[in-house]
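Undergrad: no sequence for this one, just the structure:
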């Protein structure tokens, strides 16, 4: 997996090649029954997941950490181009009430036949530290996505 941090732009870009066709990977991002199987960092448990996948629709997840803490993530879908692109806002609230500034995620899926190249760009962080803090979460989630979509 390629990881690119652009401190000047406060963004994170991840590239990963998955052993699954693009339609399968897109479905994993847009079907709540599939998303609950992978869309969380390693060592986290998904408590709830709701998705209304349409421009203007929302998504909402709650996750529990190993220490019992709860983190809530939510946003709004801005663009959906099946099966190649998703754009959505991304918000985070910690169980102490702290809320991070809204950011933007763009997921692009390139058809490689039986494989898919996924590029995830997460941007508009207020600081380099904020962008770096999401690297581990997205890396773990994309590892789960790869295992899920390849049937492992």
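TA: Nice, thanks for sending it over. No experiment lies behind these values; they were computed from the predicted model shown. Numbering: from 1, shown residues only.

Undergrad: Determine the longest helix present in this protein.
TA: Scanning the chain for the helix with the most residues, using DSSP state H, yields helix 128-150.

Undergrad: And that one, what's buried?
TA: Judged by neighbour count using 16 or more other Cβ atoms under 10 Å, the buried positions of helix 128-150 are 128, 130-131, 134, 137-142, 144-146, 148-149. Glycine gets a C-beta too; all of them are placed from N, C-alpha and C.

Undergrad: Could you do stretch 87-94 as well?
TA: Buried residues in stretch 87-94, defined by neighbour count with 16+ other Cβ under 10 Å: 87, 88, 89, 90, 92.

Undergrad: isn't the fourth one right next to residue 107, touching?
TA: Think residue 90. No - using Cβ atoms under 8 Å, residue 90 is not in contact with residue 107; the gap is 11.2 Å.

Undergrad: related to what we said a few turns ago, from the contact counts, what lies against the longest helix of the chain?
TA: Secondary-structure packing of helix 128-150 (3 or more Cβ pairs under 8 Å, 6 or more residues apart in numbering; DSSP states H and E): strand 2-6, strand 11-18, helix 22-30, strand 116-123.

Undergrad: I appreciate the help and will end here.
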